[in-house]
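[1] can't give you the sequence, but here's the structure:
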C-alpha cells in the first residue's frame, strides 16, 4: 500500500495548488458570470442577484468586445509565427558553437524575458516617441517624416506587437536551444558521413527531432498571445480609440476599472473556452508529435 500511495503523495501538493489557483477560480468566474455582481455586491453578497445569461447576451452584443477579439486575433496571427520562427532561427544559430561569446549571446537574448515590463515600456516608449524618439530620428536621416507609432490606429497594434515579440523571443529561444543540444550527435555524424550539407542536416535530421519542442513552444505561445495584456496596458492603455485593446485588457477595464465583475467574468469564461478550444485543436492536429 505504501508503494501504491507514493505517487499520489508526491503529486498531491501540486494537485492541491492546481485545484486552488487553477480550477477553483474558473468555477467561481463561471458562477459570478451568472450574477450582476458589482463593487457593492463584492462587499455585501446580499446585494448580488442572479442575472442568468444576461451578461453573455450583452457581451456578444457589445461592439467593444468584438473589437477586442479582433485585436487579439491580429496579435495572435502576427505574434505567434514571428516568435516561433525568430526563436527557432536564433536557437539554430546559437547552437553552432559552445564558446564563451555564444554563451554570452544566450544571456543577452534571454535578458528581455526577465526584465520588468515597466522598464521595457519606458524604453520602448522613448524609442516610439513621435517627436524625439530614436526610431523617428533614424527615419529622418533617410528623408522620411515622423511616424505616429503609438497614436495611429493603423500602426499601434503592430508597434505593440513588436515589443511583445522582442520580449517573448528569449524564453522560447532557450527552450529550443535546450532541445537542440539534446539531439544525439550520432545522427549528425551519420548525416555528415553521407555528405549532407549543414542546411540539409538541419532540415532533414534536426528539425524532425525538434517537432515536440516546436509543438510545445507553439502551444504555449498561442495561449500567451490569446491572453495578451502587458504591452498593450503599459504602452497605450488600449488606445487610441480601443485600437490596441486586447480581450484581456478589455476584461480588466470592465472588471476592475468599471467594477462590473459579473460582466467581466462572463468575458473571462468566453476567453477560457476560446483558449481551451484552440489548444485542443492544436493538440489533435499534431497528435503524432504529442505521442512522440
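    Looks like it arrived, so ask away. Owing to the predicted nature of the structure, the values given are computational and were not obtained by experimental measurement.

[2] what about the closest residue to residue 219 other than its chain neighbours, how many neighbours?
    Spatial nearest neighbour of residue 219, excluding adjacent residues (Cβ to Cβ, 6 or more residues apart in numbering): residue 282 at 5.4 Å. For the C-beta atoms, the positions are set from N, CA and C on the backbone; glycine is no exception. Residue 282: 16 surrounding residues under other Cβ atoms under 10 Å.

[3] what comes up buried for the host helix or strand of residue 81?
    Assigned by DSSP states H and E, residue 81 falls within helix 63-94. Buried positions in helix 63-94, judged by neighbour count with 16 or more other Cβ atoms under 10 Å: 65, 67-69, 71-72, 74-76, 78-80, 82-84, 86-88, 90-92, 94.

[4] I'd like the next helix or strand past it.
    helix 100-114.

[5] What are the buried residues along that following helix?
    Buried, per 16+ other Cβ under 10 Å, within helix 100-114: 105-106, 109-110.

[6] Please apply the same query to stretch 142-158.
    Buried, per 16+ other Cβ under 10 Å, within stretch 142-158: 147, 149-150, 155-157.

[7] Can you tell me what sits against that stretch?
    71, 74-75, 78, 125, 128, 130-131, 133, 135-136, 139-140, 159-160, 235-236, 239-241, 243-244 (Cβ atoms under 8 Å, 6 or more residues apart in numbering).

[8] swap the cut-off to 7 Å and go again
    With Cβ atoms under 7 Å, 6 or more residues apart in numbering as the contact definition, stretch 142-158 has outside contacts at 71, 74-75, 128, 130, 135-136, 139, 159, 235-236, 240-241, 243-244.

[9] Present the buried residues of stretch 142-158 as a markdown table; the columns should include pLDDT.
    Below are these laid out as a markdown table (pLDDT from 0 to 100):
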| residue | pLDDT |
| --- | --- |
| 147 | 89 |
| 149 | 91 |
| 150 | 91 |
| 155 | 91 |
| 156 | 93 |
| 157 | 93 |
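
[10] Including distance to residue 194 and secondary structure, could the residues you listed go into a markdown table?
    Formatted as a markdown table, those follow (distance: Cβ to Cβ, whole Å; DSSP: H, G, I helix; E, B strand; the rest coil):
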| residue | distance to residue 194 | secondary structure |
| --- | --- | --- |
| 147 | 51 | coil |
| 149 | 50 | coil |
| 150 | 53 | coil |
| 155 | 49 | coil |
| 156 | 51 | helix |
| 157 | 47 | helix |
